[in-house]
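J.: Can you look at this prediction? I've put the sequence above it.
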Amino acid sequence: MAEKTKVVEVVPYDPAWKAEYSRIEKRMLEIAGDLIIAAEHVGSTSIEGLWAKPVIDIDLVMESYDQLPEIIRRLQEFGYEHQGNMGIEGREAFKSNRDEGFMKYHLYVCPKDGKGYVEHILFRDYLRSHPAAREEYQAVKQRLAEAYRYDIDAYCDGKTAFVQSILQRASQHQE
């Protein structure tokens, strides 16, 4: 299972997160670039100005699940453990068992039409283009990080209603 965050810490946006994402992306493209159609920086660190837990989220996007067995094989060669979807449809999680010199990150492999990937992009793009929603989310995260400093599950559960409301707004905004 993924290593659980021991202390929930939400910190001010750091422009270095973009560069760190690029370093991780470059490594992923070296490993599986010919098997994926895109790599995306998702999650809070991908949203300029948003406070976040200092953990990069990266989605490697595959055409379909047909590519997954070979992606798993390649990632395993480089010390990654496949963790399954961890309860989220359309997203396969991987954990590195080696210190690669990167800041902490979460690696996901997703089909291009997978729910996990589609929601990551909808959420990210909506918050990037709606400053008021971004500020609202930041306030929610800061409040939850203070209330649940040693309980990552409660922190994540506390964000669910807000995240769902953003996904609903983003879906309506697309139509």
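T.: Looks like it came in fine. Numbering: from 1, shown residues only.
J.: What segments of the protein are strands?
T.: Secondary structure of the chain (DSSP state E): strands at 38-42, 56-62, 80-84, 92-96, 105-111.
J.: May I see the ones you listed arranged in a markdown table, with mean neighbour count and mean pLDDT as well?
T.: C-beta: built from backbone N, CA, C; applies to glycine. Below are the strands of the chain laid out as a markdown table (neighbours: other Cβ atoms under 10 Å; pLDDT from 0 to 100):
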| stretch | mean neighbour count | mean pLDDT |
| --- | --- | --- |
| strand 38-42 | 19 | 98 |
| strand 56-62 | 23 | 98 |
| strand 80-84 | 15 | 97 |
| strand 92-96 | 20 | 96 |
| strand 105-111 | 23 | 97 |
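J.: Same list (those strands) but as a markdown table, adding distance to Ala145.
T.: Shown next, in a markdown table, are these (distance: least, Cβ to Cβ, whole Å):
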| stretch | distance to Ala145 |
| --- | --- |
| strand 38-42 | 20 |
| strand 56-62 | 17 |
| strand 80-84 | 24 |
| strand 92-96 | 22 |
| strand 105-111 | 17 |
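J.: buried set for the longest helix belonging to the chain?
T.: In the chain, taking DSSP state H as the definition, the longest helix is helix 152-174. Buried residues in helix 152-174, defined by neighbour count with 16 or more other Cβ atoms under 10 Å: 152, 155, 158, 162, 166, 170.
J.: hey, what's the residue most central in space within the chain bridged with?
T.: By Cα atoms, centre = their mean, the chain has its centre lying nearest to Asp57, at 3.1 Å. With DSSP bridges applied, Asp57 shows beta-bridge pairing to Val42, His106.
J.: Does it touch His120 like I think?
T.: Yes. Between Asp57 and His120 there is a contact under Cβ atoms under 8 Å: 7.4 Å.
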